[in-house]
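In: would you be able to build a 3D model of this:
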Amino acid sequence: MPGKMDEPQFGARDYLVYEDERVTYSAFARAVEHFAKALQDTYGIQKGDRVAVVMRNYPQWPVPFFAALSIGAIATPMNSWWTGDELEYGLKDSGAKVAVIAPQIMDRIRDSLPNLPDLKSIIIARGESECDPRVTTLDSIVGPTSSWAGLAQIGLPDVDLGPDDDATIMYTSGTTGRPKGALATHRAIIANMLNSLSCQMRMLLRRGETPPEPAPNAQNATLLALPFFHA
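Out: Just a heads-up that it's a prediction; the model follows:
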């Protein structure tokens, strides 16, 4: 993957909106670049390592997700409603080296830390650090959302990344036992995105409707009700 990342086509437009916080495409790209570099240089994350993401739908959620993917690590979202026991299981089962979590999640896993030797670092988003050498904050790496636009454009780390490399581990609902981690490749994720777009067009055509023309000057928005960790 080339280290240089082109400026987003609509970089000045809002990408994420959460209450009174707004993050543009360009600002988000800068945060991803800086966090990807930190994962490699500060936390020693290499291709194939698992990076867990456990928090509600905050603007910070996609930063570790895309940063992990960009350096060949396996992004591992987990259910932010899981109990402490369930979170301990997921973190241990996945072998996550780094977990980016919300403060509430820290409260649930604090007693489990002695049982998670593979978990080398915990990064708390939207919260304060703790008196533990393994714990720091996301703000200390990329700052709050309001400062992302001021981060320098440093590009993504140069990584040999192929379409059939593992990209994500998503956990099943666990209705018949413990949840199971399901692997997906970069190719599978892109194929699913294209398939979703094709399905939308197909539904319009089946109803006899004409698919809408591209409207590059329109600012569309999606109110997302599903949690980011959902498949």
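In: please count neighbours and contacts with C-alpha atoms only from this point.
Out: Will do.
In: helix, strand or coil for the nearest residue to residue 135 once chain neighbours are set aside?
Out: The shortest distance from residue 135 to any non-neighbouring residue, by CA to CA, 6 or more residues apart in numbering, is to residue 122 (4.7 Å). Here residue 122 is recorded as strand under DSSP: H, G, I helix; E, B strand; the rest coil.
In: state the phi and psi torsions of the closest residue in space to residue 34 that isn't next to it in sequence.
Out: Closest residue to residue 34 apart from its sequence neighbours, by CA to CA, 6+ apart: residue 142 at 6.5 Å. Dihedral pair for residue 142: phi -120, psi -10, per degrees, to the nearest 10.
In: what about residue 142, how many residues nearby?
Out: 21 (other CA atoms under 10 Å).
In: same question for residue 19.
Out: 7.
In: do you know the pLDDT at it?
Out: On the pLDDT scale, residue 19 is placed at 96.
In: so where does residue 215 fall, helix or strand?
Out: For residue 215, there is no helix or strand it lies in under DSSP states H and E.
In: so where's this structure shaky on pLDDT?
Out: 1-6 (pLDDT under 70).
In: that one: helices as residue ranges?
Out: 25-41, 62-70, 84-94, 103-109, 139-142, 186-206 (DSSP state H).
In: of these, flag the one that's most buried.
Out: Of those, the one with the most neighbours on average (mean count of other CA atoms under 10 Å) is helix 62-70, at a mean of 24.
In: what does that helix contact?
Out: Identification of contacts with helix 62-70 by CA atoms under 8 Å, 6 or more residues apart in numbering yields 1, 28, 31-33, 35-36, 39, 51, 53, 74-77, 100, 156-157, 159, 167-168.
In: and with 6 Å instead?
Out: With CA atoms under 6 Å, 6 or more residues apart in numbering as the test, helix 62-70 has contacts from 32, 36, 75.
In: how about stretch 31-40?
Out: With CA under 6 Å, 6+ apart as the test, stretch 31-40 has contacts from 45, 63, 67, 142, 148, 155, 156.
In: ok, 7 Å please
Out: By CA atoms under 7 Å, 6 or more residues apart in numbering, the residues outside stretch 31-40 that reach it are 45-46, 63-64, 66-68, 71, 141-142, 148, 154-157.
In: follow-up on the earlier one: between the contacts of helix 62-70, which sits nearest residue 188?
Out: residue 75 (14.0 Å; CA to CA).
In: export the contacts of helix 62-70 to JSON lines and tack on distance to residue 202?
Out: Listed next are the contacts of helix 62-70 as JSON lines, based on distance: CA to CA, whole Å:
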{"residue": "32", "distance to residue 202": "34"}
{"residue": "36", "distance to residue 202": "37"}
{"residue": "75", "distance to residue 202": "31"}
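In: closest one of those to residue 9?
Out: For these, the nearest to residue 9 is residue 32 (16.5 Å; CA to CA).
In: quick one: the closest one from residue 64, how far?
Out: According to CA to CA, to the nearest Å, residue 32 stands 7 Å off from residue 64.
In: can you pull the contacts of residue 26?
Out: Contacts of residue 26 (CA under 7 Å, 6+ apart): 7, 8, 11, 12, 149.
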